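# Sequence and predicted structure are below.
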Amino acid sequence: MDLKQIKNLLNKNIDKVFSELGIDYEKFGDNMYCKCPVHESSDNPKAVSYSTSRKMWKCWTRDCQSEHGSDIFGLIKGALSNQLGEEVDFKQALKWACNLLNIKSNYKEAKIEEVEEDELSTIINIFKPREFKHKEKYISIDCDLSVPSDYFVNRNFSKNTLRHFGVGDCYNKGKLYERAIIPIHNDTGRKLVGAIGRSIKEYRTPKFLIYPKGFDKRYYFYNFHRAIKTAEQTSCLFILEGQGDVWKMHEAGVKNAVSLFGKTISEQQSEKLKKLSITTLIILMDNDQAGREARMQIQRQLGRMYKLIFPRLSRKDVGDMHPDQIKTDILSNLKGCY
């Protein structure tokens, strides 16, 4: 049996390899996530990704595969070296693999030709976030907001929630006149990059106005800066359709919720998710035909990378639900996710 056959057999029995190395992991489709078994003090559950389709691994925290090799033998070498406290070479890793698989191989005479040195450098790893050129523009809202917004208070959102999210009504003459303003922050939360103005008066059109003109919603999630800490602590992120849905989840005790500016996840938003230490996405789109189509698209788009959960809604959308109903109908089955 040659090295290529052994390598393929290891990949076929990858669950056994990880178990024997003492690696706890989560598997979603073709991909496996785990703490790095190579470097010390790895506590990120998504530090290492292993693609069973490409038979490659990568440590996103310290780039450990660059030292040991990016194929399965490199992972074995690195993990064994860390466990034994001394450098394990290719022949030793091969011997370990043959013993695990109960096969015979002349590893004693094996040439140390590290099975195609770092093929990863020529393959685009599906886990690697792409970089998009985007010049962030900051804004100020030219009106004295009346916080909390009376408009949204009358739609059953609590005053404390609206204060928390900085939502207020604008009565100053200008583009945002007679609109309830929902501020949109950048990823750090330090700067305003946009705002949504919901018309307070029926004659004020359009119903929803995104400010400023040209705001590129592809690059942002609403409430991202507030949600990121809890999301990484729990490895879970709630993705909702509207901003009001995020507010109701907040009232139900969920801090790791973001919303889209529409019904689709852009390529830029998808790449942003890859930079987070999350393994599970809880998707809550509106309970209508458009929402069902959105769920199908997200399944196709992200289903191979994350564990996706699609809770059923008893109402049209989360924003229509009472916090107690959210706790009973949705959160009771999602303990540890928020």
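That came through, no problem. Numbers count the residues shown, from 1 in each chain.
# got the contact list for the most centrally placed residue in the chain?
Residue closest to the mean C-alpha point of the chain, counted by Cα atoms, centre = their mean, is residue 273 at 3.5 Å. Contacts for residue 273 (Cβ atoms under 8 Å, 6 or more residues apart in numbering) come out as 237, 281, 302, 306. Using the backbone N, CA and C atoms, a C-beta is placed for each residue, glycine as well.
# any idea how far residue 264 is from the nearest residue to the first one once chain neighbours are set aside?
In other words, residue 237. Leaving aside its sequence neighbours, residue 237 sits nearest to residue 231 (Cβ to Cβ, 6 or more residues apart in numbering; 4.4 Å). As judged by Cβ to Cβ, to the nearest Å, residue 231 and residue 264 stand 20 Å apart.
# before we move on, what about residue 156?
28 Å.
# Mind checking which of the contacts of residue 273 land in strands?
Mapping the contacts of residue 273 onto strands (DSSP state E) picks out 237, 281.
# which of the contacts of residue 273 lies closest to residue 22?
Proximity of the contacts of residue 273 to residue 22 (Cβ to Cβ) peaks at residue 306, which lies at 24.5 Å.
# hmm, back to that, and the residue nearest to the centre of the chain, that's in a helix?
Yes: Residue 273 sits within a helix when classified using DSSP: H, G, I helix; E, B strand; the rest coil.
# That one and residue 281, how far apart?
8 Å.
# Could you check how far the host helix or strand of the residue nearest to residue 237 is from the centre of its chain?
Assessed by DSSP states H and E, residue 231 sits inside helix 224-234. Remark: helix 224-234 is offset 10 Å from the chain centroid, using Cα atoms, centre = their mean, to the nearest Å.
# heads up, I number from 295, so please use that
Sure, I'll start counting at 295 from here, so that last one is helix 518-528.
# residues in contact with that helix?
The set of residues external to helix 518-528 that reach it, using Cβ under 8 Å, 6+ apart, is 479-483, 515, 531-532, 549-552, 566, 570-572, 630-632.
# hmm, 6 Å instead?
Helix 518-528 is contacted from outside by 479, 481, 482, 483, 531, 549, 550, 551, 552, 571, 572, 631, using Cβ atoms under 6 Å, 6 or more residues apart in numbering.
# one step back: who has more neighbours, residue 525 and residue 558?
Set side by side, residue 525 and residue 558 show more neighbours around residue 525, with 25 against 13, by other Cβ atoms under 10 Å.
# Tell me the pLDDT of the more buried one.
Residue 525 is assigned 95 on the pLDDT scale.
# how close does it get to residue 326?
For residue 525, the distance to residue 326 - Cβ to Cβ - is 20 Å.
# in the helix or strand bottoming out on mean pLDDT in the chain, what's buried?
Within the chain, no helix or strand scores below helix 359-362, which has a mean of 86 by mean pLDDT, DSSP states H and E. Going by neighbour count (16 or more other Cβ atoms under 10 Å), the buried part of helix 359-362 is 359, 362.
# now do stretch 361-369
362, 363, 364, 365, 366, 367, 368, 369.
# And stretch 577-588, by the same measure?
Those would be 577, 578, 579, 580, 585, 588, for stretch 577-588 by 16+ other Cβ under 10 Å.
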